[in-house]
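Enquirer: Predicted model and sequence follow; I will ask about them next.
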Amino acid sequence: MAILKVENLSKNFGKVKAVQEVSFEATEGKVLSLLGPSGCGKTTTLRCIAGFENPDRGEICLDDRKITHISPERRGIGMVFQNYALWPHMTVYGNLAFGLQIRKVSKDEITKKIKKVLGMVQLEGYENRYPRQMSGGQQQRIAMARALVFEPEIMLLDEPLSNLDAKLREEMRFQFTELQKSLGITAVYVTHDQAEALVISDKIVILNQGKIVQSDSPKEIYSNPKNKFVAGFIAVTSFISGSINSFAEEKKKVIVKTDDGLVIHGFNNSFDIGQKVSVAMRMNVIKFIQDENKSDKNTVNIFKGKIIQSSYLGDIIDYKIKVGNWEVRTNSDAKYNFKVGEEVTFYLSPEDIIVTREE
Amino acid sequence: MHKSRFRKAVEIIIFSVFIFFLFAPLLSLGIWSVALRWYWPNTLPQKIGFDYWLQALGITKSLTLGAVNVIPAFLLSLGIAIIVVIVTMAIAIPAGYSLAKLKIPALLKGIILILFLLPRAFPQQPVFINLMFMFNKIGLTGTVFGVILVHVVVGLVFAVWITASTFSSIPPELEEAARSVGASRLKAFLKVTLPISTPGLIASAVFVFLTSMDEFTGTFFIGIPFVTTLPMTLYSASGSNIQFASVIAILLLIPSILFMIVIQKFLKAEHLGGIGG
């Protein structure tokens, strides 16, 4: 088990700056996720750690050992690939034994270790199967087992679940977390799926265009995204731009005014009066008010809008509402059955409104 | 019912035509090789026998039939072909691997591949006549070594292209996975990439082998008069004695057919899928 330190890592491909000055530390026994859209540099960062890419600048350390420029086979890092990369001409046994044979482990010991690791991924008795004889989920677990069987200090995973169907993917998240916690292995996990990152990570590093945007715990990232990009990546679907107008009585509560005169109360990280900000709303924050007389206690954050689009999704309806010059989206209970063009009134709880940086 | 019978009839006709075009020339060769007397206007030989076969295979040594001894030529061709396959593949595997897997700029890669193709891109006679002049100066004409060199050059065209596309059809992650569990670059190649690319490499070797067995122009200019491979013998026999020529032609077919049977096993569509990619 080990601590992985990445310092000022930079890598260019020709003129493309794939990774720029990326630094982070993966703590012992924890999962660190590199999260970002495709082309953000997360996979390149991972490949630098694995030794498949040579960084232009920066340092990678495993505990106190500098591994920046040593060859991949001497790093002792287990890796799980997106397409599993199982060797098609070898059985499960052959795939798992390869790393151990190189380490000159005795045959009895190899058989024992393989049995143990197959138990961990719940595929006992699969030794003689070929990869093509197994389902995607099973292949994925064998790939995981192959990365673990030689007991590496640290494990890298490159979008390991992205080729599985949605249901299996959710199941595998829990299996992975369970396995990782029971082994106490340090893991660096690359993904573009924010839900996956939130579930499995102890720490999330969000990358955009090769740079770190935010590096925090999942909870902090979700409730306090540093800017519009992070918010947009973590399930925020509607943004309204404005500037800080004043501070409300409660601490950390701010009032944002837009150019078209909307006044929105929300929560923030500290801003100055007049600063340009983005008001970020998730799908579930809009609460419709049907009988206006009943809405007694809420005096702020009540807006009138017009339904411009509605998609029926069974138990919920996805509405697009025009408010002033802005469009916001919401998932509403199917009991509200509004028609397109209908005028609606809704309330936004200030606690659910994230005020964040524009850039 | 009616329709399926009609369909069946069409199928049989197409199949028959196919068989005819495939086997008629072979049949003609077969008949000629056993024809002892065959004059116009007879449809079939008036007298048949295996005299030419026995003579060609060196079993009889009749003076009237002439001295065409095929066995040494066959063995020479076979020997040359085997050496050519070994030498060519020894060059083509590392060359193909480098072209497929190393970070070579696209332009340079294109130039290298075109260079390998160049010997085939021009008419063969002028190329080999020039080669003959060059080989003459360094004493390589008329030697088996010179002929092997020519065959290797010809074989490399196929071999490098096929091996390069075979290797590039193998996902790089397979080798990277081997590196990550502790295999050196060489070990990852030997244990992962090489076994997976075996079908493509065998296909490539078979092409090289058959090209060498069949190669005429280069052998003619570089090898004569001392290196008489089977195609050389066939050429000299075809001018004077069509029976011997037929025997040799059939003998030349044997390795091709044997190899085709062997590679049937490897040349499945699933394996070929990656080749040419």
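Expert: Structure received.

Enquirer: Only C-alpha atoms from now on, for both contacts and neighbour counts.
Expert: Noted.

Enquirer: Now for residue 104, how many residues are close by?
Expert: Defaulting to chain A. When counting by other C-alpha atoms under 10 Å in any protein chain shown, one arrives at 10 neighbours for residue A:104.

Enquirer: Chain B was what I was after
Expert: 12.

Enquirer: ditto for residue A:272
Expert: Neighbours around residue A:272, by other C-alpha under 10 Å: 12.

Enquirer: so what's it up against?
Expert: Residues counted as contacts of residue A:272 (C-alpha atoms under 8 Å, 6 or more residues apart in numbering or on different chains) are residue A:244.

Enquirer: That one - that's part of a helix, no?
Expert: No: applying DSSP: H, G, I helix; E, B strand; the rest coil, one finds residue A:272 to be coil, outside a helix.

Enquirer: That one and residue A:243, how far apart?
Expert: 9 Å (C-alpha to C-alpha, to the nearest Å).

Enquirer: any common contacting residues for these two?
Expert: By C-alpha under 8 Å, 6+ apart, no residue touches both residue A:272 and residue A:243.

Enquirer: The residue in chain A that chain B sits nearest to and residue A:330: what is the separation?
Expert: Nearest to chain B in chain A, going by C-alpha to the nearest C-alpha, is residue A:73, at a distance of 4.0 Å. From residue A:73 across to residue A:330, the span is 50 Å (C-alpha to C-alpha).

Enquirer: go on, residue B:107?
Expert: 52 Å.

Enquirer: Of these two, give the one with the bigger neighbour count.
Expert: Comparing residue B:107 with residue A:330 by other C-alpha under 10 Å, the one with more neighbours is residue A:330, at 21 against 9.

Enquirer: would you say the more buried one is within a strand?
Expert: Yes: assessed with three-state DSSP, residue A:330 lies in a strand.

Enquirer: these two touch, right, it and residue A:283?
Expert: Yes: with contact defined as C-alpha atoms under 8 Å, residue A:330 reaches residue A:283; the gap is 4.4 Å.

Enquirer: where along the chain do the helices fall?
Expert: You didn't say which chain, so I picked chain A. Taking DSSP state H as the test, the helices found in chain A are A:42-50, A:92-102, A:107-120, A:136-148, A:166-183, A:194-200, A:218-223, A:228-233.

Enquirer: Chain B is the one I meant
Expert: B:2-34, B:51-56, B:70-101, B:106-121, B:124-137, B:144-168, B:172-180, B:185-188, B:194-214, B:217-223, B:230-240, B:242-264, B:269-272.

Enquirer: Relative to residue A:100, which of those helices is closest?
Expert: helix B:172-180 (11.4 Å; C-alpha to C-alpha).

Enquirer: counting contacts, what elements does that closest one pack onto?
Expert: When contacts are defined as 3 or more C-alpha pairs under 8 Å, 6 or more residues apart in numbering or on different chains; DSSP states H and E, helix B:172-180 packs onto strand A:77-80, helix B:185-188.

Enquirer: Mind listing what's buried along the first one?
Expert: To tie it back to what came earlier, the one meant is strand A:77-80. Buried residues in strand A:77-80, counted by 16 or more other C-alpha atoms under 10 Å in any protein chain shown: A:77, A:78, A:79, A:80.

Enquirer: Report whether it contacts chain B.
Expert: Yes: judged by C-alpha under 8 Å from any C-alpha of the partner chain, strand A:77-80 and chain B are in contact via A:77, A:78, A:79.
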